[in-house]
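Novice: Need the 3D shape of this:
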Amino acid sequence: MINFKFYSFYVALEDALSAVADEVYKDLEDDYEEILGEYRDFERNFQDRLYEKWKGPLDKVELLIHLSQELGSGLLRKYQNKGEFSHINVKGYLALGQKV
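Specialist: Here you go, the predicted model:
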């Protein structure tokens, strides 16, 4: 047996939520460029402040990464045809973005 009071409350609630959702969507649709712009500005400013604080160590880590990639690429090119690195999965290495 259906409880009609509960059912009518459910229908009214569903209609109200649908109206609110439509209004929120319309507001977001109208203002999305401004909202995204504010979010992107906030994120960019945060990254800039973070980088300024940690510039020295971050630059050293980034340099270490690039040097390691260059060294690894050079060693792979040098030894891959000599069979000394035959245990290395060259295709897997290439999938990581390295050029051989």
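Novice: For the rest of this, base every contact and every neighbour count on C-alpha atoms.
Specialist: Noted.
Novice: Go ahead and report the secondary structure state at the residue nearest the centre of the chain.
Specialist: Central residue of the chain (C-alpha atoms, centre = their mean): E43, 12.6 Å from the mean position. Under DSSP: H, G, I helix; E, B strand; the rest coil, E43 falls in the helix class.
Novice: do you know how far it is from R49?
Specialist: E43 sits 10 Å away from R49, going by C-alpha to C-alpha, to the nearest Å.
Novice: roughly how far out does stretch 51-63 sit from the chain middle?
Specialist: Centroid separation for stretch 51-63 versus its chain: 21 Å, with C-alpha atoms, centre = their mean, to the nearest Å.
Novice: and if you look at stretch 69-82?
Specialist: On C-alpha atoms, centre = their mean, the centre of stretch 69-82 falls 31 Å from the chain's centre.
Novice: go on, stretch 45-65?
Specialist: For stretch 45-65, the distance to the chain centre is 18 Å (C-alpha atoms, centre = their mean).
Novice: Make residue 1 into 552 and carry on from there
Specialist: Noted, 552 is the first residue going forward, which turns the last one into stretch 596-616.
Novice: Just give the number of residues close to Y602.
Specialist: Y602 has 14 neighbours, counted by other C-alpha atoms under 10 Å.
Novice: for it, what are its contacts?
Specialist: L609 (C-alpha atoms under 8 Å, 6 or more residues apart in numbering).
Novice: any chance you could read off phi and psi for it?
Specialist: Torsion angles at Y602 (phi, psi; degrees, to the nearest 10) stand at phi -70, psi -40.
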